[in-house]
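**Q** below: sequence and its predicted model.
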Amino acid sequence: MSAEDDSPRWSPQLLERAGAIRAIVFDIDGVMTDGRLYRDDSGQEIKAFHSRDGLGLKGLMQNGFIVAALTARNSNLVRVRMRELGIENLLQGREDKGAAFGEILQQFDLDASQVAYMGDDLVDWPAMRQAGLKLCPGDADEWIIEHADYATRAGGGRGAAREAAELLLAAHGLLDEWRQSFR
């Protein structure tokens, strides 16, 4: 599939806005996972991450994008998964996501217009409203979908992060090249 085949999914206006993005911040629960919180009999947390999302995040980093993850919860499992993906910019236990987003901007000396945020619920809005590009999974909270610049076709933990990655790669003219690198 070429970038032209993706054009019905992404409007020229969306691609233009995404072309200004240099970094993206992802929520975890509901974006990189389906949002359900699983516990085994011992109380150990279990989460399911989609491998295609992981490949998309790696594709962003390989192409020079800054990728960060921000979550209100604390989870060793998330820390392990982010390490597996090579995502060093992980902020956990940050209920004030607006303030945490500001810290990310400061850390990387970025203007908010250069950063996308992908979240799925109301707790994400303080960060999303600052972002230059507001993204959400297709199964996000209804209010978030209404206020996002783009809601993915895929749901959280089911390819939404990959779709966001492909949008950014397409906007920068890198999607076809990235796909070709696997052939």
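**A** Perfect, thanks for sending it.
**Q** enumerate every residue touching residue 9.
**A** Applying CB atoms under 8 Å, 6 or more residues apart in numbering to residue 9 gives the contacts residue 153. Backbone N, C-alpha and C define where each C-beta goes, glycine included.
**Q** which residue is nearest the centroid of the chain?
**A** residue 26 (3.6 Å; CA atoms, centre = their mean).
**Q** surely that residue and residue 32 touch.
**A** Yes: here residue 26 reaches residue 32: they are 5.9 Å apart, a contact under CB atoms under 8 Å.
**Q** so what sits against both of these two?
**A** 69, 161.
**Q** sorry, back to before: the residue nearest to the centre of the chain: which element?
**A** Using DSSP states H and E, residue 26 sits within strand 23-27.
**Q** ok, residue 67 next?
**A** With DSSP H and E as criterion, residue 67 is part of strand 66-70.
**Q** just the pLDDT for residue 9.
**A** pLDDT, residue 9: 83.
**Q** also the one 4 residues further on?
**A** The per-residue pLDDT reported for residue 13 equals 96.
**Q** that one sits in which helix or strand?
**A** Using DSSP H and E, residue 13 sits in helix 12-18.
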